[in-house]
Structures are given as C-alpha cells and as structure tokens.
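> sequence first, then the predicted structure, then my questions.
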Amino acid sequence: MSISDDSGALDYEVARRQAGAEPIGLPPLRYIAAAIVATAIAVSIYLVGRHGDPAPQLQLSLILGAAFGVVQQRARFCFFCIWKDWLDRRDPRGLLGILTALAVGLAGYTLIYGAWLPDPTGTRLPPTAHIGPVGPALLLAGLAFGAGMATSGSCISAHLYRLGEGSPTSPFALIGAGLGFILGFLSWNELYLLTISESPVLWLPRQLGYGGALLAGLAVLGAAAWWLLRVGRPSEHGTSDKAQVDPIAAIFLRRWPAWLGGFFVGLIGVAAYLRLSPLGVTAELGSRSRQLAMQFDWLPARLEGLDSFRGCATLIRETLLTPNGLFVAGLVAAAFAAALAAGEFKPRRPTGGHVLRGLVGGTLLGWGTVFGLGCTVGTLLSGISAGAVSGWVFALGLIIGTTVTLKLGRRLRLLD
C-alpha cells in the first residue's frame, strides 16, 4: 500500500503529535522576499557610502528615503486618501496625522533657524528653505495639483510608495507627471512675466519673529485639531485598534496610527533639512523631464527666474546619482519591502481606466508642481514647516481643487 493513499497509512499530523515535536517551518515566502529586498537596501546604503560622491550626502539621502518609504507605506500617509476619508466618512485620524507632521516640522525648523539665522528680520532667508512667491500662479498650481490628486488617486509621493505595492495606476501617473513637468516648463515664461515675477516672497518669522511665527502656526494647527476632534465621527474600528496586539504584528502587519506616521514624517523632514535639504520628492523627476525636453529642443533656451526660486529645484543634472534620486529610490524600495512583509504587495494588470486616469491626473500633478515649486511634501509640508506663507496658500488650493474635482467627477460618474 502506498504511503500517500487515502487510507491513512502515513498521516503526517498524527505522526507529528505522537512524536511530540513541532516540524521545522519556513517563514512565508513574502517574509523571505521582504528580507531579501531589505538586505539589498542595506547593501546599497553601504556601497553608496563607500563609492558615492559626495558619499555622506548620497548615503544619508538613501537612508532617509528608505525611512520615509516605510513610514508612508505602514501609516498609509497619502494626502489625497486622508482628505477623501474626511470627506466621505468624517474620519479625522489622517488629518490629525498631517497636523502632527506639521507641528513637529514647525518646532524642528524653528530650532534650526535659531542656530543658522539668529535674526530673521533682515533681508536674508534661511538656506535652501522652501519659501516661494505668493500670488495667483501659486493658487492655480494648488488647484491643478488637487485636481490631479483626485483624478489619479494620489499625490506624487503616494504614487511613489504605491509603486512598491504594485499599483496599476501609479506608473502611468508618474509618466503623466513627467509630461506635466514639460508642459509646465513650456508655459513657465508667460506666467512668470504675467504674475510670478511680481509676487512677494512672504516668510512669517520676518514679520512675527521666530517665537511669534511658531506660536501662530501651532495655534492654527491646534485649532484645526480641536475642530476635527469635535466635528469628526469616531472610527468604527476604534475599539479593536486599542486591543492588545503582538509588537511584531503591530510594526510589520497592521497599519500604523496616523498620528505616529505624522510624527515620524515630521522628524524625517527636520533631519533632512538639518543634514541635506528640505524634504521633497519631485526634484529628480522634474530634472530628468527637463533634461529630456532640452535634448529634443522642446523648451525655450531660457526659463526666466525658475532656477532662482526656493523649492524642488529642476536643474539639469550631469551625474547619474543625485541626493533626491537616491531618496526616491530608497522610498520605493523600502515601501516595496514593507508591502511584501505586510502582504500588501498586490500587483494588478492595468485597465484602460487606470491608464487614462493616471496619465491625465499625473499631467495635472506635474504642471501644478512646476508652478507650486513643489508638491504636497516639498511645498505644503516643508513650506509650512519653514514658516512660508506659500505653503498655506498651496494647501488651500489643494483642498479646493481636490474637493471640487472629486465631487464633480462623482456626479458625472467618472470618479469613485
């Protein structure tokens, strides 16, 4: 009689129990894959530190990018999804996470400013801080970016971490963003001469001092948090979230609390500004898009004033490895590892709808990024942390653009 027939000549489970021993089990395949990706990231960090130029800057960019990718993926730190949760369910948790990130950023930037620029009342601005011109073009950029988020389903930073989850829309949204960058460069000179060149650069510490700007910013954030807690609806999962959970599962399997994700995002932003440059994810994409367009002679020979502004710079790069490029690479790779470990890497074949929404929404994202001098991370998060009025104006445009586009798209049955 065969030992593998249905008569039970060899029942493995019975034999195991009789022997009183547990079998040697291998971890699930996704954990092995996640460990391999994490090891590859660690090796890359080591190699960049040994052979990169400048090694410390490139290595730290890769480290912070990886940290940012893990936090985004585990906390689902997506500006559009957070705003959509509020519109649809009045769930305040995500917005409270954003407010936490901004509060940490404001406090951290203020400490750094005190050492770098003791007197804020002069004509100088803090080095590299994302403090941009405030005018109609900035509001228009926020509106376009918000419309792009509603159409494509995410902002640029979220599309990057969703690459690691196998999103069917994100690749096309990023391609569309590259096209949007090129269209933005093509229309830059006209809008610059019409309005941007005359728009003031407003920095709150210059008018209020460091203490006044910090208190004013925290007061606005605190009032917003109070209103969200008062108006928002309690989560249906609030009880289960408080149940005791295995620490390993809490880190690698369950979604992190939004406030914790926001806290880490704020810390990463402060660390990036202290050691590298303000947090942002679009400089590399913008630079490569500009480089491509220049090679085909699609752009004017001169983009008036663009490279003189603070923000996610789109200077043409001659080197292969750049700090922002490695930051983005670390973000995507670490988000991929985190998604694998959590069982959230679920690639799907894109449909025509995914392609169309990605390309159209991505184009709006790219165009808005050019005139906003950054995205939700560079202009909103880093800008508000820096005390820039431009960050608040861009945020206002985002809210209006996202809300109007989402409601109109749903009414026309074009968006979910």
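That came through fine.
> next SSE downstream of the helix-or-strand element of the chain with minimal mean pLDDT?
Every helix and strand in the chain was compared by mean pLDDT, DSSP states H and E; the lowest is helix 12-19, with a mean of 42. Next helix or strand after helix 12-19 toward the C-terminus (DSSP states H and E): helix 29-51.
> could you list every helix and strand that that following helix packs against?
When contacts are defined as 3 or more CB pairs under 8 Å, 6 or more residues apart in numbering; DSSP states H and E, helix 29-51 packs onto helix 55-75, helix 323-342. Glycine gets a C-beta too; all of them are placed from N, C-alpha and C.
> what's the angle from it to helix 55-75?
If you take axes from the mean of the first three to the mean of the last three CA atoms, to 10 degrees, helix 29-51 sits at 160 degrees to helix 55-75.
> and the helices in the stretch 201-350 of the chain?
In the stretch 201-350 of the chain, the helices defined using DSSP state H, counting those that start in this stretch lie at 204-231, 238-241, 247-252, 258-275, 283-295, 323-342.
> hmm, back to that, got TSV for the helices and strands packed on helix 29-51, with mean pLDDT and distance to Arg357 too?
Output for the helices and strands packed on helix 29-51, formatted as TSV (pLDDT from 0 to 100; distance: least, CB to CB, whole Å):
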stretch	mean pLDDT	distance to Arg357
helix 55-75	96	21
helix 323-342	96	20
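> compare those helices and give me the one nearest Val270.
Nearest to Val270 among these is helix 55-75; the distance by CB to CB comes to 10.7 Å.
> in the closest one, what counts as buried?
Buried residues in helix 55-75, defined by neighbour count with 16 or more other CB atoms under 10 Å: 57-75.
> and it with helix 258-275, angle?
170 degrees.
> just checking, what packs against helix 55-75?
Packing contacts for helix 55-75, counted by 3+ CB pairs under 8 Å, 6+ apart, involve helix 29-51, helix 156-163, helix 258-275, helix 323-342.
> after the second one comes which helix or strand?
Scanning forward in sequence from helix 156-163, with DSSP H and E defining helices and strands, the next element found is helix 170-194.
> pull the distance from that following helix to the chain's centre.
19 Å (CA atoms, centre = their mean, to the nearest Å).
> helices or strands next to it in the packing?
Packing partners of helix 170-194 (3+ CB pairs under 8 Å, 6+ apart): helix 136-152, helix 156-163, helix 283-295, helix 352-372.
> which residues are in contact with the shortest one?
In this case it means helix 156-163. Counting contacts by CB atoms under 8 Å, 6 or more residues apart in numbering, the residues outside helix 156-163 that touch it are 69, 72-73, 77-81, 152, 154, 167, 169-171, 173-174, 177, 281-282, 285, 328, 331-332, 335-336, 362, 365, 369, 375-377.
> ok, now with 6 Å
69, 72-73, 78, 170, 173-174, 177, 281-282, 331-332, 335, 365, 375, 377 (CB atoms under 6 Å, 6 or more residues apart in numbering).
> just the buried members of the residues you listed?
Of these, these count as buried by 16+ other CB under 10 Å: 69, 72-73, 78, 170, 173-174, 177, 281-282, 331-332, 335, 365, 375, 377.
> just those now: which is nearest Phe309?
Using CB to CB, those come closest to Phe309 at Thr282, 13.7 Å.
> could you list every residue that touches the residue nearest to the closest one when sequence neighbours are not counted?
Spatial nearest neighbour of Thr282, excluding adjacent residues (CB to CB, 6 or more residues apart in numbering): Cys312 at 4.6 Å. Taking CB under 6 Å, 6+ apart, we find Cys312 in contact with 280, 282-283, 374, 378.
> how far away is Tyr192 from Thr314?
Distance, Tyr192 to Thr314, using CB to CB, to the nearest Å: 14 Å.
> count of neighbours near the residue lying closest to Pro347 once chain neighbours are set aside?
Nearest residue to Pro347, sequence neighbours excluded (CB to CB, 6+ apart): Gly166, at 3.0 Å. By the measure other CB atoms under 10 Å, the count of residues near Gly166 is 15.
> weakest of the helices and strands packed on helix 170-194 by average pLDDT?
Looking over the helices and strands packed on helix 170-194, mean pLDDT reaches its minimum on helix 283-295, with a mean of 92.
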